[in-house]
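# Next comes the sequence, and after it the predicted model I'd like to discuss.
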2 protein chains.
Amino acid sequence: MIDFEAIDAAIETQFDQTLAALGQLCAQPSVSAQGLGMLECAQLVKQMLEKRGFETEIVPSAGFPVVVGERSGRSDHTLLFYNHYDVQPPEPLELWDSPPFKADIREGKMYARGVSDDKGQLVSRLAAIDALLSVDGELPCSVKFLIEGEEEISSPNLPAFIETHAERLAAEACIWEFGGVNHEGTPVQVAGLRGICYVELSVQTASRDAHSGTGGSIFPNAAWRLTWALNSLKQADERIRIPGFYNRVVPPSARDLELLEALPDSAAEYRSRYELDGFIKGLQGGLDLQRESIFSPTCTICGLTAGYQGPGSKTVLPARASAKVDFRLVPDQDPDEVVLQLRNHLDDEGFDDLEITYLGGEPPARTPLDDAFLALVVESARSVYGVPQIIVPMSGGSGPNHPFIHTLKVPVATAGISYPGAQVHSPNENIDLECFRKGIRHVARIMVEFAERG
Amino acid sequence: MIDFEAIDAAIETQFDQTLAALGQLCAQPSVSAQGLGMLECAQLVKQMLEKRGFETEIVPSAGFPVVVGERSGRSDHTLLFYNHYDVQPPEPLELWDSPPFKADIREGKMYARGVSDDKGQLVSRLAAIDALLSVDGELPCSVKFLIEGEEEISSPNLPAFIETHAERLAAEACIWEFGGVNHEGTPVQVAGLRGICYVELSVQTASRDAHSGTGGSIFPNAAWRLTWALNSLKQADERIRIPGFYNRVVPPSARDLELLEALPDSAAEYRSRYELDGFIKGLQGGLDLQRESIFSPTCTICGLTAGYQGPGSKTVLPARASAKVDFRLVPDQDPDEVVLQLRNHLDDEGFDDLEITYLGGEPPARTPLDDAFLALVVESARSVYGVPQIIVPMSGGSGPNHPFIHTLKVPVATAGISYPGAQVHSPNENIDLECFRKGIRHVARIMVEFAERG
């Protein structure tokens, strides 16, 4: 039985080194969207794993390579850590109070692009490993790392990579790349992710724009075609009108609703943060809002483009118009099927002139709420945070958890270092050093308890 | 009785000087949209009128000033020329084969920004005056000029200017700022203009964009609100659904239809120029197409803007969305009334969150088809072109003819120098020198015959 006091002491002793390692990792740009510093960062991550005795390889994928590492432990149970070494672009640079690729510590926080998402999370796993090794000389369980370089650009090649390397990645459980506390400081377990299907709808009605005086009465107008096609997808009642779209939707279980009921009400925070007059569908807050925000699939117009968009007026009849549309999917919807349903719907409604460009997607996936590993991660938070994790049965957001849950067939649980003020994807991304400490301690406990019970 | 042969000979003798004057005028930029060179150009125009014995003044308006000139003639009948000294912006500059503000003559054409619209038209009036003065020493009729500087930005201050200076501008007839031949070389009389009502519709649903994963199921989405509001204005049957919108629409008369029937069919030209698959409303061509293109009011989306419009995907829920919309109006619709009807409609349909910004408008106006001056202009073309003007009862486009017809109460007729290849508002704007000659000769005849019969 490993002594958590000794582990926590080791984490503390090594804390400055841990921060230095995180600073070094943040200093290496790795912007997947811009192809900046990617291979250099993969090399650096590989060195960091090798330093901890991991057999490590930079494995090619159809996109940026994946760093895969493995080290055996006392028990033959195997835990997989999924993380990513790529970060969001740092722009707009002028809004940063310190350079994004130079970690800066101010008032108990460390600032840098990626310091939370996801380099801080990755380093928290390494710091837990360092502490376990220094106390015990060995890891309690076998550990594998899958550290990809395309998470910030929607992991387009990860499902195929996992399919190809399923044997090598075999494990009994997975700790996800994100995790942390909510605005009350309570640790959060996110037990699933909605899927996504992102498309561009476009229509071209002529080879060039026309003058609205000439064509207004007689020419087809791409902006009108797009407007009508979009209107056919969803009207003001918010019901998505694509036939079959809701067929596979699994409603929340009694346990899901129980968990939702236990979550803090976000209504007031949303209202004030976004200065909303109210919510759609007559929602006021509480369980109804929670339920709708997670268990209802969506059809969101993310962008519209057509014709003249500058100041004042221009009398132009647009030849081309397009919209970015994302569908958030709930179990058991499937993005490929949604694209087919969308195509059929548009054809049936007379919009066969509308082109669909599929820009990416991920199916939804959930770890069963009665999973033993999930329970272990939830409970192991108690000795760090004083309370177990609060369980969010599914996130409104999306991520590539489907191939882990359905290809590798491992339960996926979240634990980590983030907090609501982390500004991930924004200027002044940061970690709170106290949350960072706690996250490391939690990860160490998960490994120990997984080795014993897993 | 003035001898047209002598006049034509004088036009020919002076032709090089006329081209030099036009080149000089084109060399002076006067881009109203950019406020470039406006006062300098007004000064130059004033000098050009003064050189021909006109009492001339640069009269302030609420916008760019108006050049007003007057010279008496043998008869006390007064003809008003309406022109404008402003031009469209020259951009995109890289598509010009010669500098836009340096007139260049190549293969029987002169190229420059404004060389057709409207500086060439203005100089054609001056050249006719020069010829008449050189042959007769005096003008056959009194002539007034109203040369504004805001035609290319929708003449926002012209109606008020005409109201204020109605007495000074009093005349019996008006020659419009545009005119010329169609693609068959036949001179065209445009006996009216549709009106326009240009608005921006915008909606703001939150103080900032949200993540589509967070808000997709529960937040109002500005792009959806805009889509639904637009859809309420017009659906795929092309019928405009704003209550009262069609109330004032005067259907074409038997004479209108007769004139339309005599026009060349534009269907094939439109299809090939814009690579259209077809027309809306089941139109095939012929009289139906002509009638619809002119006598039917429109609701055209000129532009759409919301959220993310760059390459690839961004999962954003837009807080703001807007559309540019123009309504082309037919007699007796009124732009102010349309804005009111639009507001009422949006409110009634539940879109009181949609803001309407009025970006400008002009009521439709027509010169009666039995007007004697119109007939004079039509017939006087015969001795220049071999045929009288073909009459288009109304243009699909718009312009500020309403205050001339309804405030000054003068018939407005078109005559001039343009041709379908003139590329007005586009790079390589040009005049065909042969069309230019004929336009000058036609204007001279109009003045002589107006003096005798007017």
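Okay, I see it.

# For the stretch 101-250 of chain A, just list every one of the helices.
For the stretch 101-250 of chain A, applying DSSP state H, counting those that start in this stretch gives helices covering A:119-136, A:158-164, A:212-215, A:222-233.

# For chain B, what's the nearest residue on the stretch 1-150 of chain A?
Residue of the stretch 1-150 of chain A nearest chain B, by C-beta to the nearest C-beta: A:A33 (8.5 Å). C-beta: built from backbone N, CA, C; applies to glycine.

# again but with the stretch 351-454 of chain A, I slipped
With C-beta to the nearest C-beta as the measure, A:G397 is the residue of the stretch 351-454 of chain A nearest to chain B, at 3.4 Å.

# Against A:P411, how distant is that residue?
Applying C-beta to C-beta, to the nearest Å, the value for A:G397 to A:P411 is 19 Å.

# ditto for A:L376
Taken as C-beta to C-beta, the span from A:L376 to A:P411 is 10 Å.

# got the angle between the longest strand seen in chain A and helix A:222-233?
Scanning chain A for the longest strand, with DSSP state E as the assignment, gives strand A:192-204. In terms of direction (axes from the mean of the first three to the mean of the last three C-alpha atoms, to 10 degrees), strand A:192-204 departs from helix A:222-233 by 150 degrees.

# Parallel or antiparallel, which strands does strand A:192-204 pair with?
strand A:320-329 (antiparallel), strand A:355-362 (antiparallel), strand A:365-366 (antiparallel), strand A:395-398 (parallel) (DSSP bridges).

# so where's chain A shaky on pLDDT?
For chain A, residues meeting the criterion pLDDT under 70 lie at A:1, A:454.

# okay, now the domains of it?
Chain A breaks down into these domains under automatic domain parsing: A:4-191+A:367-453, A:195-361.

# The ones you listed: which one's closest to B:A20?
domain A:195-361 (32.4 Å; C-beta to C-beta).

# start to end distance for the closest one?
7 Å (C-alpha to C-alpha, to the nearest Å).

# Any idea how far it is from the middle of the chain?
Mean C-alpha position of domain A:195-361 versus that of the full chain (C-alpha atoms, centre = their mean, to the nearest Å) differs by 21 Å.

# then the longest helix along chain A to CSV, C-alphas only?
Longest helix in chain A, counting residues (DSSP state H): helix A:433-453. C-alpha atoms of helix A:433-453 as CSV (Å, rounded to 0.1, in the frame of the first residue of the first chain):
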residue,chain,number,x,y,z
LEU,A,433,-0.9,26.7,-9.2
GLU,A,434,-3.1,25.4,-6.4
CYS,A,435,-5.4,23.6,-8.9
PHE,A,436,-2.4,22.3,-10.7
ARG,A,437,-1.0,20.7,-7.4
LYS,A,438,-4.4,19.2,-6.7
GLY,A,439,-4.7,17.8,-10.2
ILE,A,440,-1.3,16.1,-9.9
ARG,A,441,-2.2,14.6,-6.5
HIS,A,442,-5.5,13.3,-7.9
VAL,A,443,-3.8,11.7,-10.9
ALA,A,444,-1.3,9.9,-8.6
ARG,A,445,-4.2,8.5,-6.5
ILE,A,446,-6.0,7.3,-9.6
MET,A,447,-2.9,5.3,-10.7
VAL,A,448,-2.4,3.8,-7.3
GLU,A,449,-6.0,2.8,-6.8
PHE,A,450,-6.4,1.6,-10.4
ALA,A,451,-3.4,-0.7,-9.8
GLU,A,452,-5.0,-2.1,-6.7
ARG,A,453,-8.6,-2.5,-7.8
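
# Return the distance of that helix from the chain's centre.
What separates the centre of helix A:433-453 from the centre of its chain is 21 Å, taken as C-alpha atoms, centre = their mean.

# Stretch A:378-396 now?
Mean-position distance between stretch A:378-396 and its chain equals 18 Å (C-alpha atoms, centre = their mean).

# Buried residues of that stretch, list them for me.
A:378, A:380-381, A:384-385, A:388-396 (16 or more other C-beta atoms under 10 Å in any protein chain shown).

# Next up, the contacts around A:Q47.
Counting by C-beta atoms under 8 Å, 6 or more residues apart in numbering or on different chains, A:Q47 makes contact with nothing.

# Send over the helix or strand hosting it as CSV, restricted to the C-alpha atoms.
Taking DSSP states H and E as the definition, A:Q47 sits inside helix A:38-51. The C-alpha coordinates for helix A:38-51 follow below in CSV (Å, rounded to 0.1, in the frame of the first residue of the first chain):
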residue,chain,number,x,y,z
MET,A,38,4.9,20.6,-34.5
LEU,A,39,7.8,18.2,-35.0
GLU,A,40,10.0,20.0,-32.5
CYS,A,41,7.3,19.7,-29.9
ALA,A,42,6.7,16.0,-30.6
GLN,A,43,10.5,15.5,-30.1
LEU,A,44,10.4,17.4,-26.8
VAL,A,45,7.5,15.4,-25.6
LYS,A,46,9.2,12.2,-26.6
GLN,A,47,12.3,13.2,-24.6
MET,A,48,10.1,14.0,-21.5
LEU,A,49,8.6,10.5,-21.6
GLU,A,50,12.0,8.8,-22.2
LYS,A,51,13.4,10.7,-19.3
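
# moving C-terminal of that helix, what's the next helix or strand?
strand A:55-59.

# Show which residues not belonging to that next one make contact with it.
For strand A:55-59, the external contacting residues (C-beta under 8 Å, 6+ apart) are A:42-43, A:46, A:49-50, A:65-71, A:145, A:161, A:165.
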